[in-house]
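A.B. asks: have a look at this prediction, sequence included:
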Amino acid sequence: MSESNKEIERFLLLLKSQKGKAAAALLEQILGTPAIFSFGEFLNHDNVKALKGGSEGKWYDALELFAYGTYTEYKKNQSKYPNLNAKQLAKLKQLSIVTLAGTSTTKILYYKNLQQKLDIKTVRELEDLIIDCIYSGLINGRLDQRKALLEIRFCRGRDINEKAIGLMKNRLLSWLKATDQIIKQLENQQKQADYLTQQREQTYMEAQINIENTTKEILEKAQAEQAARGGGGHD
């Protein structure tokens with residue numbers, strides 16, 4: 001069992017007997033534990049669900065943030081969440097890098113953009129955070145200090161909520177629709193190609209017939225002219 005799974009199992013066992021403030025205190029520990037980057041099992045725990053909307057509801061919201069959200073979302077609505085310590089903020093920033101890596105179409109993340117999105121002042125601090133991501137198995141990539149960018153080769157998936165599942169479903173439906181349209185276009189192109197092939201074959205056959213007829217006419221004319229000349233010689 002991996003270190004991450006061991007820690008998850010340990011906290012799940014502790015949550016069975018903890019409610020209210022005690023459960024919230026455990027969530028605070030979970031969000032700061034270096035080995036834990038998946039939070040779905042905690043969100044589904046009854047004692048955690050019971051925190052939602054209550055006096056300790058901010059810790060439930062924080063757990064959802066770490067599961068699905070980013071540092072940018074935290075900054076936009078900071079009052080919704082409890083005060084996060086340095087370890088928790090660092091983890092949230094790491095998870096935000098994973099999201100940015102997963103959604104990047106170019107698989108290139110520029111230092112400047114990362115520093116802006118994550119409130120990181122120095123390149124050294126950013127590179128240390130990225131290196132921690134790599135060592136934790138969150139991403140696999142290459143730092144290019146000369147070009148000031150991170151080249152992504154692989155990134156770990158994050159927890160998926162119902163909204164994300166809905167988006168994925170819509171994307172799949174759009175992809176299927178687009179695939180059907182492509183298939184129809186290919187079928188139409190195939191029909192057009194078949195028609196053009198038949199037309200070429202028909203044209204070729206007609207040309208062959210014309211050549212044969214023309215050749216026959218030329219031969220017959222030549223034979224007639226030769227016969228005429230031959231007849232004139234006997235006179």
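C.D. replies: Everything's here; your move. All of these numbers come straight from a predicted model, not from anything done at the bench. Numbering: from 1, shown residues only.
A.B. asks: which non-adjacent residue is nearest residue 82?
C.D. replies: Of all residues not flanking residue 82 in the chain, residue 58 sits nearest, at 4.5 Å (Cβ to Cβ, 6 or more residues apart in numbering). Any C-beta I mention is one placed from the backbone N, CA and C, and that applies to glycine too.
A.B. asks: and the one you found, how many neighbours does it have?
C.D. replies: Neighbour count for residue 58, taken as other Cβ atoms under 10 Å: 17.
A.B. asks: isn't it up against residue 78?
C.D. replies: No. Counting by Cβ atoms under 8 Å, residue 58 sits too far from residue 78 to count as a contact (10.8 Å).
A.B. asks: just the CA trace of stretch 217-225, in CSV.
C.D. replies: What follows is stretch 217-225, C-alpha atoms only, in CSV (Å, rounded to 0.1, in the frame of the first residue of the first chain):
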residue,chain,number,x,y,z
GLU,A,217,-12.8,4.3,-90.8
ILE,A,218,-9.2,5.3,-91.6
LEU,A,219,-8.3,1.8,-92.6
GLU,A,220,-11.5,1.4,-94.7
LYS,A,221,-10.8,4.8,-96.4
ALA,A,222,-7.2,3.8,-97.1
GLN,A,223,-8.2,0.5,-98.5
ALA,A,224,-10.8,2.2,-100.7
GLU,A,225,-8.3,4.7,-102.0
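A.B. asks: for the protein, what's the longest helix?
C.D. replies: helix 162-234 (DSSP state H).
A.B. asks: may I see the buried residues of stretch 140-159?
C.D. replies: 141, 143, 149-150, 152, 155-156, 158-159 (16 or more other Cβ atoms under 10 Å).
A.B. asks: which residues does that stretch contact?
C.D. replies: Contact with stretch 140-159 is made by 37-40, 43, 67-68, 95, 98-99, 101-102, 104, 107-112, 114, 123, 127, 130-131, 134, 137-139, as judged by Cβ atoms under 8 Å, 6 or more residues apart in numbering.
A.B. asks: kindly report the same for stretch 23-35.
C.D. replies: 3-4, 6-7, 11, 14-15, 18, 36, 39, 42, 47-48, 50-51, 56, 59-60, 62-63, 66, 82, 84-85, 87-88, 91, 136.
A.B. asks: change it to 6 Å
C.D. replies: Contact with stretch 23-35 is made by 3-4, 7, 11, 14-15, 18, 36, 47, 51, 56, 59, 63, 66, 87-88, as judged by Cβ atoms under 6 Å, 6 or more residues apart in numbering.
A.B. asks: cool, and stretch 46-57?
C.D. replies: Against stretch 46-57 from outside (Cβ under 6 Å, 6+ apart): 15, 19, 21, 23-24, 42, 60.
A.B. asks: try 8 Å
C.D. replies: 15-16, 18-21, 23-24, 27, 42-43, 59-60, 63.
A.B. asks: any low-confidence regions in this protein?
C.D. replies: 1, 163-168, 231-235 (pLDDT under 70).
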